[in-house]
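Peer 1: got a structure for you, letters missing:
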């Protein structure tokens with residue numbers, strides 16, 4: 001059986017911090033990133049590609065706000081906005097990837113799946129929403145909207161008198177179409193799935209699927225998907241080449257190889273920032289816990305160079 005890898009695109013893979021976010025910029029970034037996946041395809045890997053959606057779904061929410069304010073267009077709920085972003089970004093990745101494959105003479109089909117991801121409606125995260133989304137309001141506006149819509153707001157640290165909506169970020173527990181994803185991938189199709197962490201849904205008392213006003217961590221959802229479809233390897237492509245200890249300190253240390261036990265120890269010691277590397281480390285450990293062979297964190301443009309990237313396995317590699 002060929003090896004199967006799940007590759008989570010993040011960091012500067014789609015949109016870079018110094019860019020406006022035009023479609024031309026996003027398409028070029030996507031193409032540059034996908035060129036680096038040709039290496040895995042030529043090595044014989046079957047692939048599932050996931051992706052982030054932070055800037056894109058934020059823009060969708062801003063359009064939501066503008067449409068309601070200027071034209072009285074009813075706002076769409078968060079789950080619809082996440083699904084919109086999955087479809088749009090997935091289409092872009094699929095189209096760019098088909099062009100990249102054609103350029104390299106590779107015959108592969110590609111499909112995008114709008115993916116629902118189950119969460120537990122009793123997850124403690126629903127009692128403590130922390131994920132900031134949408135536009136920034138002044139205190140008076142946020143109070144009015146909170147009363148009208150029942151939204152919860154928290155003060156922005158970097159914006160004086162700015163308040164922003166916060167939503168829960170529950171743990172993913174099941175990928176609803178995981179069997180379809182595994183089947184298509186094992187048959188040789190490259191599948192784009194679980195974009196933005198997936199559309200969060202829960203199962204109600206009547207066993208109906210209901211939307212959850214929440215967002216799911218993209219790397220955790222991708223890690224869960226990788227484990228559920230029995231992938232061999234899990235890659236997180238970001239904007240750094242390695243995992244570091246004592247990051248940006250005089251005693252900074254590159255870690256190219258890590259085992260599960262040591263990585264967990266470093267995480268518990270607070271070596272990894274909650275705002276950047278810690279969620280990625282948790283996702284990698286989750287994949288190893290659930291039977292995965294190897295997790296890799298590396299820069300989006302360094303995949304082919306095997307001297308780059310931090311490799312996490314249950315035991316140290318020989």
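Peer 2: Cool, got the structure. The structure presented is a predicted model; accordingly, all values stated were derived computationally and were not measured.
Peer 1: state the pLDDT value of residue 227.
Peer 2: Looking at residue 227, its pLDDT reads 98.
Peer 1: residue 210 contacts residue 199, doesn't it?
Peer 2: No. Counting by CB atoms under 8 Å, residue 210 sits too far from residue 199 to count as a contact (11.4 Å). Any C-beta I mention is one placed from the backbone N, CA and C, and that applies to glycine too.
Peer 1: and the two? Which one has more around it.
Peer 2: Comparing residue 210 with residue 199 by neighbour count (other CB atoms under 10 Å), the higher total belongs to residue 199, at 26 against 11.
Peer 1: in the sheet, who's paired with the more buried one?
Peer 2: Going by DSSP bridges, residue 199 is paired in beta bridges with residue 116.
Peer 1: likewise for the one 10 residues further on?
Peer 2: Beta bridges link residue 209 to residue 203 when assigned by DSSP bridges.
Peer 1: who's in contact with it?
Peer 2: 116, 176, 201, 202, 203 (CB atoms under 8 Å, 6 or more residues apart in numbering).
Peer 1: dump those residues to TSV, plus neighbour count.
Peer 2: Below are these laid out as TSV (neighbours: other CB atoms under 10 Å):
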residue	neighbour count
116	20
176	17
201	20
202	19
203	15
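Peer 1: run a quick neighbour tally on residue 223.
Peer 2: Residue 223: 31 neighbours (other CB under 10 Å).
Peer 1: so where does it fall, helix or strand?
Peer 2: helix 218-228 (DSSP states H and E).
Peer 1: helices and strands around that helix, which ones?
Peer 2: strand 4-9, strand 46-51, strand 172-175, helix 178-186, strand 233-238, helix 277-289 (3 or more CB pairs under 8 Å, 6 or more residues apart in numbering; DSSP states H and E).
Peer 1: sketch out the low-pLDDT regions of the stretch 101-250 of the chain for me.
Peer 2: Under the criterion pLDDT under 70, no range of the stretch 101-250 of the chain is flagged.
Peer 1: can you list the domains in this protein?
Peer 2: As given by automatic domain parsing, the domain ranges for the chain are 4-121+172-313, 129-167.
Peer 1: what's the most buried one of those domains?
Peer 2: domain 4-121+172-313 (a mean of 18; mean count of other CB atoms under 10 Å).
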